[in-house]
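A.B. asks: Okay, predicted coordinates and the sequence, questions at the end:
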Amino acid sequence: MIDTKWAFQRYESLRAALPAAEFPPTSRSGQDLSDTVADYDAYILDAFGVLNRGETAINGAVERMAALRALGKRLIVLTNAASYTRAEILAKYHRLGFDFDASEVVSSRDVAFANLPTLPPSKVWAAAAAQGDDFSDAPAYARIAHLADDPGLLNTADGILLLSSARWREADTAAVVQALKVRPRPLVVANPDLVAPREDGLSLEPGLVAHDIIAKTGLKAEFYGKPYSNAFEVALNRLEGIPRHRIAMVGDTLHTDVLGGAAAGIGTILVTDHGLFRGHEIAPFIRSSGICPDWVVATT
């Protein structure tokens with residue numbers, strides 16, 4: 001059964017492959033982000049579980065962002081949602097009522113595309129991607145094609161790119177594993193999440209697929225996005241001039257948001273009521289993992 005406890009244990013099983021970090025001995029508690037404003041001048045915000053759940057804005061999140069702006073706080077969204085182009089993800093936030101501009105949004109897709117290795121001329125990336133993705137925001141040197149539309153790409157492509165698991169099936173994992181065993185090639189993962197909170201439960205994400213492939217092939221992958229430093233450094237560069245101890249990562253997971261934020265040397269705030277830990281007492285998960293946020297708040 002894919003639920004919070006299953007996802008937590010799966011993240012824990014991968015702990016050795018995740019960044020190392022130091023944590024406070026205990027967390028402070030609050031109701032929402034307004035309780036933390038004396039501690040921070042800027043907030044790096046996860047999207048799923050903090051701003052929205054699936055395609056629905058979290059109740060009060062739009063108003064909270066406005067209140068933080070009114071206090072002079074800087075805001076950056078740092079999301080592992082790699083299915084959207086920059087224009088699409090900004091349009092989604094605007095549709096949900098948020099007023100973020102392009103300079104305030106960093107996606108793992110952006111980070112992956114900025115670091116995408118160059119393949120030999122005429123070679124192509126076989127991409128697991130959402131239907132309709134035109135890769136228009138990819139680097140000009142990168143040729144990318146939908147694996148779902150042409151499974152034969154596994155024989156001819158010189159790299160595998162995981163952007164979305166929306167059209168992924170177990171048979172696809174088996175096919176990629178076999179292809180990589182026959183001819184090892186770069187594997188780039190633009191969404192390290194194992195699961196994501198949706199309106200009706202948890203969806204399985206590209207990070208889960210990638211770790212399955214790694215375990216079955218013995219190959220390495222390049223991950224872009226939380227909890228890895230490549231994503232945090234892009235977000236922190238947008239907040240130049242603000243000391244790291246005055247910046248907080250706000251998220252709904254321990255192993256991506258809190259662990260990644262702590263590894264980056266910034267404060268961490270866990271939101272419990274809308275994401276991975278919705279409906280669960282958080283203390284046992286913190287004790288078991290040792291991943292302790294600076295703050296635990298119920299809602300955004």
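C.D. replies: Sure thing, it's come through. Numbering: from 1, shown residues only.

A.B. asks: any chance you could map the helices in this protein?
C.D. replies: 4-13, 61-70, 86-96, 108-114, 153-156, 170-182, 206-217, 229-237, 259-263, 283-289 (DSSP state H).

A.B. asks: Now render these as CSV, adding distance to residue 122 and mean neighbour count.
C.D. replies: Where you see a C-beta, it was placed from the backbone N, CA and C, and this is true even at glycine. Output for those, formatted as CSV (distance: least, Cβ to Cβ, whole Å; neighbours: other Cβ atoms under 10 Å):
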stretch, distance to residue 122, mean neighbour count
helix 4-13, 38, 16
helix 61-70, 46, 16
helix 86-96, 27, 16
helix 108-114, 20, 23
helix 153-156, 10, 14
helix 170-182, 19, 15
helix 206-217, 25, 20
helix 229-237, 28, 19
helix 259-263, 37, 26
helix 283-289, 46, 15
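
A.B. asks: now for these, which one comes closest to residue 139?
C.D. replies: Nearest to residue 139, of all these, is helix 108-114, at 5.9 Å by Cβ to Cβ.

A.B. asks: Name the surrounding residues that touch the closest one.
C.D. replies: Here helix 108-114 makes contact (Cβ atoms under 8 Å, 6 or more residues apart in numbering) with 79-86, 137-139, 142, 161, 163, 188-192, 224-226, 230-231, 234.

A.B. asks: rerun that using 6 Å as the cut-off
C.D. replies: 80, 82, 138-139, 190-191, 224-225, 230-231, 234 (Cβ atoms under 6 Å, 6 or more residues apart in numbering).

A.B. asks: Quick check on the residues you listed: which are buried?
C.D. replies: 80, 82, 138, 190-191, 224-225, 230-231, 234 (16 or more other Cβ atoms under 10 Å).

A.B. asks: Redo these as CSV? Include pLDDT.
C.D. replies: Formatted as CSV, these follow (pLDDT from 0 to 100):
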residue, pLDDT
80, 97
82, 96
138, 96
190, 98
191, 98
224, 98
225, 98
230, 98
231, 98
234, 98
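
A.B. asks: Skip the chain neighbours and tell me the closest residue to residue 117.
C.D. replies: The shortest distance from residue 117 to any non-neighbouring residue, by Cβ to Cβ, 6 or more residues apart in numbering, is to residue 186 (5.7 Å).

A.B. asks: tell me the domain ranges of the protein?
C.D. replies: 62-73+83-105, 111-223 (automatic domain parsing).

A.B. asks: for the first one, how far is the first residue from the last?
C.D. replies: Pointing back at domain 62-73+83-105 there. Domain 62-73+83-105 has an end-to-end distance of 15 Å (Cα to Cα, to the nearest Å).

A.B. asks: Any regions of the chain where pLDDT drops low?
C.D. replies: Within the chain, no stretch has pLDDT under 70.

A.B. asks: and the closest residue to residue 2 other than its chain neighbours, how many neighbours?
C.D. replies: Spatially, and ignoring its direct neighbours in sequence, residue 2 is nearest to residue 202 (5.6 Å; Cβ to Cβ, 6+ apart). By the criterion of other Cβ atoms under 10 Å, residue 202 has 18 neighbours.

A.B. asks: how close does residue 202 get to residue 255?
C.D. replies: 14 Å (Cβ to Cβ, to the nearest Å).

A.B. asks: again, but for residue 22
C.D. replies: For residue 22 relative to residue 255 (Cβ to Cβ), the value is 15 Å.

A.B. asks: Could you give the bridge partners of residue 48?
C.D. replies: residue 52 (DSSP bridges).

A.B. asks: ok, it - how many residues close by?
C.D. replies: For residue 48, using other Cβ under 10 Å, the count is 25.

A.B. asks: right, and it touches residue 198 too?
C.D. replies: No. Judged on Cβ atoms under 6 Å, residue 48 makes no contact with residue 198 at a distance of 8.2 Å.

A.B. asks: which ones are touching residue 298?
C.D. replies: Here residue 298 is in contact with 31, 272-273 (criterion: Cβ under 6 Å, 6+ apart).

A.B. asks: Turn the residues you listed into a markdown table, columns for neighbour count.
C.D. replies: What follows is the contacts of residue 298, written out as a markdown table (neighbours: other Cβ atoms under 10 Å):
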| residue | neighbour count |
| --- | --- |
| 31 | 10 |
| 272 | 20 |
| 273 | 17 |
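
A.B. asks: could you dump those residues to CSV with distance to residue 120?
C.D. replies: What follows is those, written out as CSV (distance: Cβ to Cβ, whole Å):
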residue, distance to residue 120
31, 55
272, 48
273, 49
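
A.B. asks: before we move on, the earlier item: of the contacts of helix 108-114, which is the nearest to residue 299?
C.D. replies: residue 80 (20.9 Å).
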